[in-house]
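Chemist: the sequence and its predicted three-dimensional model are supplied below.
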Amino acid sequence: QLQLVESGGGLVQPGGSLRLACAASGVTLDHYAVGWFRQAPGKEREGVSCISHSGGSTSYAAAVNGRFTISRDNAKNTVYLQMNSLKPEDTAIYFCAAVWGMATLKSNFYDYWGQGTQVTVSS
């Protein structure tokens with residue numbers, strides 16, 4: 001059974017950076033596409049970024065394009081989300097998810113989810 005654990009969240013000032021990690025256990029991640037999603041209080045979960053199983057294809061939501069970078073290290077069974085130029089509106093719980101299939105920003109396609117990590121952007 002694939003299990004995912006997110007880490008790297010925290011409190012950061014506007015303009016700052018964080019790197020989130022999504023570590024997999026139980027199964028090797030290299031056959032799975034992985035997505036990052038976020039949910040702010042009172043809002044629906046939204047797709048942030050996704051990466052194909054090989055890492056050769058990535059996608060980003062318009063709100064984060066140019067500021068966030070997704071990457072993966074299959075040898076470490078981990079996917080990362082580098083977040084730069086953070087804004088208060090990036091404040092949310094960030095989740096990673098995995099699917100045996102194509103990478104997509106649509107959350108309903110994903111089968112495995114982590115518990116989330118809180119990111120707060122505030123001065």
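Modeler: Yep, it's here.

Chemist: only C-alpha atoms for contact and neighbour calcs from this point on.
Modeler: Will do.

Chemist: ranges for the strands of this structure?
Modeler: Using DSSP state E, the strands found in the chain span residues 3-7, 10-12, 18-25, 33-39, 46-51, 58-60, 68-73, 78-83, 92-99, 112-113, 117-121.

Chemist: now tabulate the ones you listed in a markdown table and tack on distance to residue 106 and mean pLDDT.
Modeler: A markdown table is the format used below for these (distance: least, C-alpha to C-alpha, whole Å; pLDDT from 0 to 100):
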| stretch | distance to residue 106 | mean pLDDT |
| --- | --- | --- |
| strand 3-7 | 18 | 97 |
| strand 10-12 | 25 | 98 |
| strand 18-25 | 18 | 97 |
| strand 33-39 | 9 | 98 |
| strand 46-51 | 6 | 98 |
| strand 58-60 | 11 | 98 |
| strand 68-73 | 16 | 97 |
| strand 78-83 | 17 | 98 |
| strand 92-99 | 11 | 98 |
| strand 112-113 | 13 | 98 |
| strand 117-121 | 19 | 98 |
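
Chemist: and the closest residue in space to residue 8 that isn't next to it in sequence, how many neighbours?
Modeler: Excluding the flanking residues, the one nearest residue 8 by C-alpha to C-alpha, 6 or more residues apart in numbering is residue 20, at 4.5 Å. A count of nearby residues for residue 20, using other C-alpha atoms under 10 Å, gives 23.

Chemist: nearest to residue 105, out of the strands of the chain?
Modeler: Closest to residue 105 of the strands of the chain is strand 46-51 (C-alpha to C-alpha; 4.7 Å).

Chemist: the closest one: partners in the sheet, and parallel or antiparallel?
Modeler: The strands beside strand 46-51 in its sheet (DSSP bridges) come out as strand 33-39 (antiparallel), strand 58-60 (antiparallel).
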